[in-house]
Every structure is written in structure tokens, then in C-alpha cells.
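Asker: pasting the sequence and the predicted model now:
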Amino acid sequence: MNSYYPVFLKLSGRRCVVIGGGEVALRKVQSLLQCGARVEVVSPEVCAGLEELASRHKISIVRRGYKHGDIGGACLAIAAVGDAGINARVEQEAKLRGVLVNIVDNRELSTFIVPSYLRRGDVTIAVSTAGRSPALARRIRSRLEKDIGIEYAELAEIVDEVRSEVKKQGIAIGPDGWQNAMDVDSMIELLKKGQREKARDLLLKNLKIPRGKQPED
């Protein structure tokens, strides 16, 4: 079996189509909305959660069964209907139009699969078993959730702030320099104690930036 190429898609403002109106479809829709996607649901009937999202104008609903052409112009499509005939038709249209498609519970018809993931601000960690065992992927994610706290989101913000200021001041630091400067364990411990500035100062110290050139707050 060929390996999957791991990738994060920028979906903000882009049209994504979910075919199906049940609880599985709802979970897929919610994940897409978290990424800023413009979501359209195609289904003759939808669950209460989807109705609520539509009432708040978060999604649009086409209240009928899937028809050829429904995924035209979409960035990606997800079929969550549990009907082999519809799944095959969606896969064929996706292939014809060059649309990324995920057929829930059928990796053979899918051009992408959705990993189990955890998110801490802008830090996202995805776990995949190439579709072989979603339950195992979720179990691994659960273990990681115990070790990866919200402090990692704050750490990402600090590193981004320092990188921007360093770049603005024309200070050249290579990839190895950044890698060696990030004493993650120590910085996370400081952030857990609410000592954000100390965590930032530690990064600056490890970067060996001359005192007069340190980025200003």
C-alpha cells in the first residue's frame, strides 16, 4: 500500500461540500468550520445540529439527495451517507473534476483521509494509521493530549513574535540556530507558572542575540 502524503490544507473561505445529514456529517462539518471553510450540505434530511448551524447562517443546506454536479467548483468533498451507490458516484465525479474527496469509512475510494488530531491554538498534531485503525489513532491522540497543554499555543506565539522582530531587525538566524535555541521543556515549565516574559527571555538568550539588538516589547 502506498503511503499518504501528510499535508495541512488552507480552507478559509473555500467551498467544501458534505453529502449526508447525520451525526457523522455534523462532525465533519464542524471540523471544516473550525478551519474557516464555506460549507454546503447536501441531504434530504439533516440532524438537529446541522439545522442549528443553518439557522445561524454558518452553513447552507441543499435539501435533496446528491446529484451529479453538486461538488463542481468545490475545494473538497466528503460523503457521509453510508450508501455504496452514492459513494461510488461521488468518487467518480470527484475524479472527473479533480476535487479532493473523502468517502467516510472507505479509504479505497478516498483521495484523502482525515487523521485524528489535537489542537492547541496554532499548534496542531495529527495522528494517522493510514486508515487501518481510526480507534488506535484516537488512542494515541488521547495520550498526546495529556502531555501537550495549552502552553504550547502560547509558546508558538512567543516564537512567532521573536521571529518577526528578529527578521525586521535583519538578524540572520539559521534553522539550526532556532532549533538549538528552543529549550522547549524549560520554556513550557515557565509558561505553566505564568512567566511568559521569562520564557521569552530564555529564547532570546539561547539565540545569542546581542543585548542592544534584542527585540523590543
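Answerer: Perfect, thanks for sending it. Numbering: from 1, shown residues only.
Asker: can you pull out the strands in this protein?
Answerer: 15-19, 38-42, 59-62, 76-79, 100-103, 116-120, 123-127 (DSSP state E).
Asker: contacts for the fifth one?
Answerer: Which is strand 100-103. 9, 71, 75-79, 87, 90-91, 94-95, 109-114 (Cβ atoms under 8 Å, 6 or more residues apart in numbering). Using the backbone N, CA and C atoms, a C-beta is placed for each residue, glycine as well.
Asker: same check, this time on the first one
Answerer: For strand 15-19, the external contacting residues (Cβ under 8 Å, 6+ apart) are 25, 28-29, 32, 37-43, 66, 70-71, 73-81, 86, 90.
Asker: what subset of those residues is buried?
Answerer: 25, 28-29, 32, 37-43, 66, 70-71, 74-81, 86, 90 (16 or more other Cβ atoms under 10 Å).
Asker: how far is the longest helix seen in the chain from where the chain is centred?
Answerer: Counting residues, the longest helix found in the chain (DSSP state H) is helix 151-168. Averaging C-alpha positions (Cα atoms, centre = their mean, to the nearest Å) puts helix 151-168 20 Å from its chain's average.
Asker: show me the shaky parts of the protein.
Answerer: Along the chain, the model assigns pLDDT under 70 to residues 1, 210-217.
Asker: according to the record, where do the domains of this structure fall?
Answerer: Domain ranges of the chain: 1-114, 117-147, 151-213, per automatic domain parsing.
Asker: wait, residue 156 sits on residue 124?
Answerer: No. In this structure, residue 156 is not within contact of residue 124 by Cβ atoms under 8 Å, at 10.1 Å.
Asker: the two: who's more crowded?
Answerer: Set residue 156 next to residue 124 and count neighbours by other Cβ atoms under 10 Å: residue 156 wins out with 14 against 11.
Asker: what sits against that one?
Answerer: By Cβ under 8 Å, 6+ apart, residue 156 lies in contact with 121-123.
Asker: neighbours of residue 92, how many?
Answerer: 13.
Asker: what's the answer for residue 181, then?
Answerer: Close neighbours of residue 181, defined as other Cβ under 10 Å, add up to 18.
Asker: do you know how far it is from residue 122?
Answerer: Residue 181 is 19 Å from residue 122, where distance means Cβ to Cβ, to the nearest Å.
Asker: and for residue 116?
Answerer: Using Cβ to Cβ, we find residue 116 at a distance of 19 Å from residue 122.
Asker: neighbour count winner among these two?
Answerer: Ranked by neighbour count (other Cβ under 10 Å), residue 116 and residue 122 place residue 116 first, with 19 against 10.
Asker: beta partners for that one?
Answerer: residue 127 (DSSP bridges).
Asker: format the contacts of residue 156 as CSV; extra columns: distance to residue 189.
Answerer: Putting the contacts of residue 156 into CSV (distance: Cβ to Cβ, whole Å) gives the following:
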residue, distance to residue 189
121, 18
122, 21
123, 17
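Asker: and of those residues, the nearest to residue 140?
Answerer: For the contacts of residue 156, the closest approach to residue 140 (Cβ to Cβ) belongs to residue 123, at 16.5 Å.
Asker: now do the contacts for that closest one.
Answerer: By Cβ under 8 Å, 6+ apart, the contact set of residue 123 is 148, 152-153, 155-156.
Asker: that one pairs with what?
Answerer: residue 120.
Asker: from residue 12, how far out is it?
Answerer: 18 Å.
Asker: ok, now residue 46?
Answerer: For residue 46, the distance to residue 12 equals 24 Å [Cβ to Cβ].
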